[in-house]
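Peer 1: pasting the sequence and the predicted model now:
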Amino acid sequence: SGGAIAIFYSSDANLSNCLLNGNQAIGGNGAVALGTDFNVGEADGGAIAAIFDSTLELTASSLTNNTATGGSHIVSTSPDIGNIGTAEGGAVFGDEGAQITITKSNLSHNAAIGGNGNQGAALTGFIGTAEGGGVDTTLDGSVSGNGPTLTVITNSTLIGNTATGGNNNSGSGGTVFVGA
């Protein structure tokens, strides 16, 4: 998580007048995980990941050409939730109670790219999916005992960011998203 910067467990980061260019978060390839709820081959935040009640303040900065690329050729079964070869937040990712504020900044030409050739089964599954080419904020932290997850973007430019699901993925289960 976090190709350039990872902010975890109630930590704070204040970035001002910074350039984060060409960073990568890359999920692992070829794993086999049977009967677990672990995320396998997941890539979060090509430039920055903020997780578990962490705070990120980004001001007058530029995040360009960063990528989060999910892992490929993974086999996973999960009794509940499975993230398999997923990519979230080409530039910035926030999860589990992260508080993210982006002001007067440029986020351009970042990409979230889902992995290829993954197989998964889960009650709820994301297999080779990609979310948020520029910014992705996901699970509310109050579900797991953390604070609410929130992203506020003000007077900023987000342009040319992409989220592209992977190819040749397969899945089964209750609600399963494949390569979306």
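Peer 2: Looks like it arrived, so ask away.

Peer 1: quick check: bridge partners of Ala13?
Peer 2: Beta bridges link Ala13 to Leu56 when assigned by DSSP bridges.

Peer 1: what sits against it?
Peer 2: 5, 7, 48, 50, 54-57 (C-beta atoms under 8 Å, 6 or more residues apart in numbering). Heads up, the C-betas are built off the backbone N, CA and C, glycines and all.

Peer 1: residue boundaries of the helices in this protein?
Peer 2: Counting by DSSP state H, the chain has no helices at all.

Peer 1: where does pLDDT dip in it?
Peer 2: Of all residues in the chain, none has pLDDT under 70.

Peer 1: residues near Asn40, how many?
Peer 2: If you look again at residue 40, you'll see it is Val, not Asn. By other C-beta atoms under 10 Å, 25 other residues sit near Val40.

Peer 1: thought it was touching Ile81?
Peer 2: No. The criterion here is C-beta atoms under 8 Å, and Val40 misses it with Ile81 at 11.6 Å.

Peer 1: in this structure Asp95 contacts Thr137, no?
Peer 2: Yes. With contact defined as C-beta under 8 Å, Asp95 counts as touching Thr137 (7.3 Å).

Peer 1: and for the two, which residues touch both?
Peer 2: Thr149.
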